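# Below are the sequence and a predicted model for it; my questions follow.
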Amino acid sequence: MPTLLHHLLTETQTISPDAVAIVHKKASWTYTQLNNLVQQQARALQALNLQPQQRVAVYLPKQIETVSSFLAVSLAGGVFVPVNPVLKAAQVGYILGNCNVNILVTSKNRLPGLAGILAECPDLHTVVITEAEDTGYEAVAGKSVISWQRFMANAANTLPTPPTIDTDMAAILYTSGSTGKPKGVVISHRNLIAGAVSVSDYLSITAADRLLAVLPFSFDYGLNQLTTALLKGAACVLLDYLLPRDVVVALATYQITGLAAVPPLWAQLANVTWPEGINGHLRYLTNSGGKMPRAILTNIRAKVPDSRFFLMYGLTEAFRSTYLPPEQIDLRPDSIGKAIPNAEILVVREDGSLCDAHEAGELVHRGSLVAMGYWNDPATTSARFKPAPGQLPQLPLTEIAVWSGDTVTRDEEGYLYFVGRKDDMIKTSGYRVSPTEIEEVVYASGLVKEAAALGIEHGSLGQAVVVVVSVEAPENFDGQSVITACKEQLPNFMVPAKILVLPVLPKNPNGKIDRKALTEQFATLFQTNP
């Protein structure tokens, strides 16, 4: 059994050296070719003086250098930080500075947009550009910038083995936090391996599978497509799509057997014609990142009746928590299922005692997938990562579990049902979005007095982002100007769908904006006009 992330590659390579590991567009790499690339890149990273546990950020779309960077950083003893390629410079700069990134791997066309923020990253010393031309780049903001060809040519002759064990950091995945700025979830090698083993178990993934990676690798659900493929010797097909039709074409072109997506993408795919041939090879489909609307689920299942559909629930702090076996969908379509293999899911009251059947409580996840906390944020870590309920008092060391903040119920047979969230986080397009982060941009526009970002139920997005504001002169207010300001500074999934104006925003007894009252007021906003 692999113990470190890069073992997923090296151990599979010894078993199936000529099997296809990665496919991107018209190119493919066998496990041996990928391993050779990763070995050289790891030596090149060490030639840049990468030290054990130092962070390397990867700000790229899905391409071979993205995959090789994750594995090479692991092999060289570092920690990889996948940065969502749709993020704007301000969010990228925050991540680079927050986790003290030392090396950044990105592309030539992304570099100019980052120039203004790199100077604010004192730990960053080198930027590696994936373009292959052997031409030097001028330093940007005092950082060394080198081409891919020169970077790889400088690889050391030997690769010293760093003293890495499975409980060491392997990655930091950034997810939105309720306080505004993203939180860096620290993932160990053990977390990554346990997640790959567990998911590949209940999905029955084998070396014969071809998995389509359409979700960002900065998303734990997306990263898991790569790790499960490597574990089982399957092929992982990389795709950054523009239109839902691109996904359907890829399913047919690459004879895909497994597809993972989030509700908004499923909603788009439901409106596209699928060739009948896809039903002959698409073995399974999975959903996570939000509740799957029943009508969309029915539509997709009708397109590929021979495929098995797995409804799942997960959170970045524990990778994956539950799944509903396909044979249970028609019996309990609203359930998020039961615990994945090698995890225990508890439903607890505020005092930590276990809830009765059908009693609402907080979902608590314990097991080997529980992350290592939030990078450099002990206060938020202690609020979410707390002692697991029901431990024997004789055990001197406390086991830590993830307290999800999600309210669920459990029926008499042990199946779980999602009820709602305890905090104000917005779940849209498969992303968790902080309302505070959106509000900061709205306030910075100087166009409003008060602002509250809300998540309003939406048929295909899960929740749509709506910002309710009060302004000095409503008759002269242009909501589109606020949306334009958001588009300039936020990724598309965080841009408000609507700006609504009220004379004054309601307040709770503490004088804070009453988000609950506003959410109730506009709860039906998209029911007739999605």
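Yes, it's here. Residues are numbered from 1 along each chain as shown.
# remind me, longest strand of the protein?
strand 400-410 (DSSP state E).
# Packing partners of it?
When contacts are defined as 3 or more CB pairs under 8 Å, 6 or more residues apart in numbering; DSSP states H and E, strand 400-410 sits against strand 343-348, strand 361-367, helix 378-384, strand 385-387, strand 416-421. Where C-beta positions appear, they are placed from N, C-alpha and C, glycine not excepted.
# The ones you listed into CSV, with extra columns for mean neighbour count?
Listed next are those as CSV, based on neighbours: other CB atoms under 10 Å:
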stretch, mean neighbour count
strand 343-348, 20
strand 361-367, 23
helix 378-384, 14
strand 385-387, 16
strand 416-421, 16
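# who wins for proximity to I513 among the ones you listed?
Closest of the helices and strands packed on strand 400-410 to I513 is strand 416-421, at 17.4 Å (criterion: CB to CB).
# if we look at that closest one, which residues are touching it?
With contacts defined as CB atoms under 8 Å, 6 or more residues apart in numbering, strand 416-421 is touched by 291, 313, 322, 334-338, 345, 347, 360, 363, 405-411, 427.
# Just the buried residues from those, in ChimeraX please.
Filtering the contacts of strand 416-421 down to the buried ones (16 or more other CB atoms under 10 Å) takes a single ChimeraX command:
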select :291,313,322,335,336,337,338,345,347,363,405,406,407,408,409,410,427
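# before we move on, the earlier item: report the angle between the axes of the longest strand of the chain and strand 416-421?
100 degrees (axes from the mean of the first three to the mean of the last three CA atoms, to 10 degrees).
# which one of the helices and strands packed on strand 400-410 lies closest to Q225?
Among the helices and strands packed on strand 400-410, strand 343-348 comes nearest to Q225, with 19.1 Å by CB to CB.
# quick one, that closest one and strand 416-421 angle?
Counting by the same axes, to 10 degrees, strand 343-348 lies at 60 degrees to strand 416-421.
# Show me what strand 343-348 packs onto, helices and strands only.
strand 361-367, strand 400-410.
# Of these, give the one that comes closest to A444.
strand 400-410 (27.6 Å).
# Neighbouring strands - and their directions - for that closest one?
The sheet places strand 400-410 alongside strand 361-367 (antiparallel), strand 385-387 (antiparallel), strand 416-421 (antiparallel), with pairing taken from DSSP bridges.
# Residues contacting that strand, please?
Under CB under 8 Å, 6+ apart, the answer for strand 400-410 is 315, 317-318, 321, 336, 346-347, 355, 357-366, 370-371, 384-389, 416-423, 425.
# Give me the mean pLDDT for that strand.
For strand 400-410, the mean pLDDT works out to 94.
# Touching, M292 and W266? I think so.
Yes - between M292 and W266 there is a contact under CB atoms under 8 Å: 6.5 Å.
# who's in contact with the longest helix along the chain?
As assigned by DSSP state H, the longest helix anywhere in the chain is helix 31-47. For helix 31-47, contacts defined as CB under 8 Å, 6+ apart pick out 6, 9-10, 12-13, 16-22, 29, 56, 64, 67-69, 71-73, 75-76, 78, 103, 151-152, 154-160, 233.
# I456 belongs to a strand?
Yes - residue state for I456 (DSSP: H, G, I helix; E, B strand; the rest coil) corresponds to a strand.
# Tell me, what's the model's pLDDT at it?
Listed pLDDT for I456 reads 94.
# With the one 5 residues further on instead?
Here, the pLDDT recorded for L461 equals 89.
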